[in-house]
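>>> Based on what follows, work out the 3D shape:
(chains A and B)
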Amino acid sequence: MLAEMITRLFERSLDDAAQSSARQGQWLPALWAEVEEMGLPLALLTEDQGGFGLSFAEAGEALRLLGSHAMPLPVAETMAANQLLAAAGLPLAEGPAGIARADDLSVSNGRLTGTVARVAWGEHLDCLALAVGNKLYRVPRAGWTVAEAGTSANFHPRPSLAIDWAIDAEAALPWCPLASGATVRAYQIAGALEAALEMTLNHTATRVQFGKPLQKNQVVQHELAKLAGELACATAAADLAGEALARRDVLGVAAGTLRAREAATAGAAIATQMHGAIGFTREHRLHLYTTALWAWRDEFGGQVSWAKLLGSAALAAGGPGYWPMVTAL
Amino acid sequence: MSAIPFPAPPADTDAVIALRAEFRAFLDQQLKDRTPRQRSDNWYGYDRGFSRAMGQAGYLGMTWPKQYGGRERSAFERAVIVEECLAAGAPVGAHWIADRQSGPSILKFGTEAQKQAFLPRIAAGELSFGIGMSEPDSGSDLAATRTKAVKDGDVYRVTGTKVWTSFAHEADYVILFCRTSGTPADRHVGTSQLLIDLKNTPGLTIKPIIDLAGQHHFNEMHFEDAIVPADMLLGEEGQGWDQVMSELAFERSGPERFLSSIELMVQLIEALKGRDSDAAQITVGRVTARLAVLRRLSRSVAGMLQEHQNANLQAAIVKDVGALFEQALPDIARELIDAEPDPRAAGAYASVLANIVHNSPSWSLRGGTREILRGIIARGLGTR
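Numbers count the residues shown, from 1 in each chain, chains lettered A, B, ... in the order given. A predicted model of the protein is given here:
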């Protein structure tokens, strides 16, 4: 039901012109207004918190659709920010929001100062759900200026923000925003890979070379099978991360995000190769997904940090403790 | 959308959590003297004593009706037992095939007399089975089978050769896939399955095939006018193809498709004690993520089977991705630890590494080659 509404909205309002504007760094106010009207920013909240009480599966589907439509606006981030703010008992965002962790910010004389690196669409946000140490702050737009421009691999703004804000409210941090960010990105990766597989199946069915569709070649079929395997892994990885986040298990999030990132790498490579040269152009829509996969796989904690977190826990478990640790993820 | 759906696996119930804890305690006790090298044999470990202990404790034929010695537990509970056995390197070989595919096939297609004769003894861990599918000229292409069974009064006369039969020299029975009418050109038509008594079939000889590791798991079974009682026909004459496909579905879906080299991971982590590094943490972290996700996919398949859904495509994906994972582990270990594989080493690491290096090539061959699986997946995506 919600999935159908989201699909209809994106098919209507998220066209190539909108994607092109977003790549120039232009905010899309009309699209955002429609996203807000549908209530998507509240999609991860419980009914008590003012949300719709979506099931785990429905919430996951909504997040995957953001990926399968290459949504350029920070909708996933806003959903995650509101979930975190609500859990902390802070007011919800009144527009697009970001999530970040910056432990080296300074807190003195009631002021929060320092730089937060690479926040999606930072200039256009209403507020930032910002973790510093074990505190969560809801920093309003007036609390920062853009310190340095930045751009994601899919050409969306990732400015670094200079925070200078008189703290008017703070709360105990419910869980790490990077875990939230990594989890929503895992779902987006799964969605983007779903779209990439669909496109690759269509392309290889219709593109004829040497007198037959590409898909009739066994070597092409085997690549399609591998792509379907990566998609299956990414989808399972996102759900693994989502379930772990719900029970505040950062190791489970690490496992999910790491495998989704691997799938992004492998899946983007296969999809591009199977499209041939047209997949390397902006003429074909595949690039919306491949460039997004290359951006998303490195955001909200890098692959190295997440792998070290999970790997050091596995090494600490020791040989005999390894399997019980895996079954707890 | 064209994605192949994997439903969320069922959540662990209290009964499942209790079963896992109870079974881990059982394994700790049973396997306390098993060396790392022995554990790394994974499901090629063969120990009738262990299988009888499993049967007596109620861990075999778990999903079958009680009237046939089963426990009427869920497919998901059985999956817990299976993955814990593999993760611990338990010697499951003497009951593995029977519990996984032969028993379920007999339950599905067998006569009442066959069910009563075989199933309680399998569930007790007393009856060991092998697989009788591949032939010298019919490996991946199973429909090209030549072995012929000709009805003669109240017996079948069987002629032909089967290969790669694991444990035929130890086991009690195989389910033989053969042709009861026509020729190999008829493909799926005219094929049947027979229950073959390995210890007591006149005209059957069994010869070892030694693998590259020098181990004797495989055998060649040669039938020369071998006499098989007609009441050992499994299911219907001529329905062999559908039956054997059903048997393969039992075979392809389990966690044995990504846990074959788990003992190497255990020994790698032990070997890294005291020489932990960034590279070690990163690598072990990434391996663990892959393993956790494969396990989720496999549990999803177990959930589908419990709901009696067709999981053939999903099982093919788990097996394809799983074999890549378990085959990659030796090389991943080699990037972290300098050690020469030594099949006769006293030390755990070198002997486990050697066993895994020697055996891992077979993991993308057995139960359907990588190429066959990818063909199945591609067909499921609508490509041919």
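>>> from here on, contacts and neighbour counts on C-alpha atoms
OK.
>>> Provide a list of residues in contact with the residue of chain B found nearest chain A.
Proximity to chain A, evaluated over chain B using Cα to the nearest Cα, is greatest for residue B:285 at 3.5 Å. Shown in contact with residue B:285 (Cα atoms under 8 Å, 6 or more residues apart in numbering or on different chains): A:255, A:306-312, A:314.
>>> Okay, and which of those map to strands?
Judged by DSSP state E, strands contain none of the contacts of residue B:285.
>>> Most neighbours out of those residues, which is it?
Highest neighbour count within these, by other Cα atoms under 10 Å in any protein chain shown: residue A:255, with 31 neighbours.
>>> wait, it sits on residue A:308?
No: with contact defined as Cα atoms under 8 Å, residue A:255 and residue A:308 do not form a contacting pair (11.0 Å).
>>> Does the helix or strand harbouring residue B:29 pack against any helices or strands, and if so which?
Using DSSP states H and E, residue B:29 maps to helix B:14-30. Counting contacts by 3 or more Cα pairs under 8 Å, 6 or more residues apart in numbering or on different chains; DSSP states H and E, helix B:14-30 packs against helix B:75-88.
>>> Any figure for the gap between the residue lying farthest from the centre of chain A and residue A:203?
No residue in chain A sits farther from the centre than residue A:211, which is 41.1 Å out by Cα atoms, centre = their mean. Per Cα to Cα, to the nearest Å, residue A:211 is found 15 Å from residue A:203.
>>> As a check, name the ranges of all strands in the stretch 101-250 of chain A.
Applying DSSP state E, counting those that start in this stretch to the stretch 101-250 of chain A gives strands spanning A:106-108, A:111-116, A:127-132, A:135-140, A:144-148, A:160-166, A:170-172, A:208-209, A:212-213.
>>> Turn these into JSON lines, columns for mean neighbour count and mean pLDDT.
Listed next are the strands of the stretch 101-250 of chain A as JSON lines, based on neighbours: other Cα atoms under 10 Å in any protein chain shown; pLDDT from 0 to 100:
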{"stretch": "strand A:106-108", "mean neighbour count": "13", "mean pLDDT": "95"}
{"stretch": "strand A:111-116", "mean neighbour count": "18", "mean pLDDT": "98"}
{"stretch": "strand A:127-132", "mean neighbour count": "24", "mean pLDDT": "98"}
{"stretch": "strand A:135-140", "mean neighbour count": "22", "mean pLDDT": "98"}
{"stretch": "strand A:144-148", "mean neighbour count": "16", "mean pLDDT": "97"}
{"stretch": "strand A:160-166", "mean neighbour count": "19", "mean pLDDT": "98"}
{"stretch": "strand A:170-172", "mean neighbour count": "15", "mean pLDDT": "95"}
{"stretch": "strand A:208-209", "mean neighbour count": "11", "mean pLDDT": "96"}
{"stretch": "strand A:212-213", "mean neighbour count": "14", "mean pLDDT": "96"}
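>>> of those, which approaches residue B:267 most closely?
strand A:127-132 (38.7 Å; Cα to Cα).
>>> can you list contacts of that closest one?
A:81, A:84-85, A:93-105, A:136-141, A:173, A:176-177.
>>> give me that answer again for 6 Å
Counting contacts by Cα atoms under 6 Å, 6 or more residues apart in numbering or on different chains, the residues outside strand A:127-132 that touch it are A:81, A:97-103, A:136-141.
>>> Excluding sequence neighbours, find me the nearest residue to residue 292.
Picking chain A for this. Residue nearest to residue A:292 in three dimensions, not counting chain neighbours: residue A:154, with 5.1 Å by Cα to Cα, 6 or more residues apart in numbering or on different chains.
>>> Chain B is the one I meant
Spatial nearest neighbour of residue B:292, chain neighbours left out: residue A:326 (6.1 Å); criterion: Cα to Cα, 6+ apart.
>>> Could you figure out how far whichever strand or helix holds that neighbour is turned away from helix B:14-30?
Using DSSP H and E, residue A:326 falls within helix A:303-327. Angle of helix A:303-327 versus helix B:14-30, following axes from the mean of the first three to the mean of the last three Cα atoms, to 10 degrees, is 80 degrees.
>>> So which elements touch helix A:303-327?
Helices and strands touching helix A:303-327, as assessed by 3 or more Cα pairs under 6 Å, 6 or more residues apart in numbering or on different chains; DSSP states H and E, comprise helix B:262-271, helix B:278-306.
>>> For the ones you listed, give me JSON lines that also has mean pLDDT.
Compiled in JSON lines, those are given as follows (pLDDT from 0 to 100):
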{"stretch": "helix B:262-271", "mean pLDDT": "97"}
{"stretch": "helix B:278-306", "mean pLDDT": "95"}
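>>> so which of the ones you listed gets nearest residue A:269?
Nearest of the helices and strands packed on helix A:303-327 (Cα to Cα): helix B:278-306, 18.6 Å.
>>> Distance of the residue nearest to residue A:180 when sequence neighbours are not counted relative to chain B?
Nearest non-adjacent residue to residue A:180, counting by Cα to Cα, 6+ apart: residue A:80, 6.1 Å away. Distance of residue A:80 to chain B, given as Cα to the nearest Cα, to the nearest Å: 22 Å.
>>> domain assignment for the chain?
With no chain named, the answer covers chain A. A:2-172, A:177-317 (automatic domain parsing).
>>> actually it's chain B I care about, not the one you picked
Using automatic domain parsing, the domains assigned to chain B come out as B:14-128, B:131-239, B:244-380.
>>> okay, and the helix or strand of chain B with the least pLDDT?
In chain B, no helix or strand scores lower on mean pLDDT, DSSP states H and E than helix B:240-252, which sits at a mean of 84.
>>> Would you mind pulling the contact partners of it?
With contact meaning Cα under 6 Å, 6+ apart, helix B:240-252 is reached by B:101, B:188, B:191-193, B:315.
>>> Pick out whichever of those residues sits closest to residue A:50.
Nearest to residue A:50, judged by Cα to Cα, of those is residue B:315 at 40.8 Å.
>>> Which pLDDT does the model give that closest one?
If you check residue B:315, the pLDDT there is 90.
>>> Checking it next. Helix, strand or coil?
Under DSSP: H, G, I helix; E, B strand; the rest coil, residue B:315 falls in the helix class.
>>> Number of residues surrounding it?
So residue B:315, with other Cα under 10 Å, has 26 neighbours.
>>> How about residue A:32: what's its closest non-neighbour residue?
Looking at residue A:32 with Cα to Cα, 6+ apart, the closest residue is residue A:73, at 7.5 Å.
>>> cool, and residue B:240?
In space, not counting the residues next to it along the chain, residue B:240 is nearest to residue B:192; the distance is 3.7 Å by Cα to Cα, 6+ apart.
>>> just the helices in the chain please.
Going with chain A. A:2-13, A:16-23, A:29-38, A:56-68, A:75-88, A:177-206, A:218-246, A:250-275, A:286-296, A:303-327 (DSSP state H).
>>> um, chain B though
Using DSSP H, helices in chain B cover B:14-30, B:36-39, B:48-56, B:75-88, B:93-97, B:103-109, B:112-123, B:240-252, B:262-271, B:278-306, B:312-336, B:348-359, B:370-380.
>>> quick one on the thing from earlier: leaving out sequence neighbours, find the closest residue to the residue of chain B closest to chain A.
Excluding the flanking residues, the one nearest residue B:285 by Cα to Cα, 6+ apart is residue A:311, at 3.5 Å.
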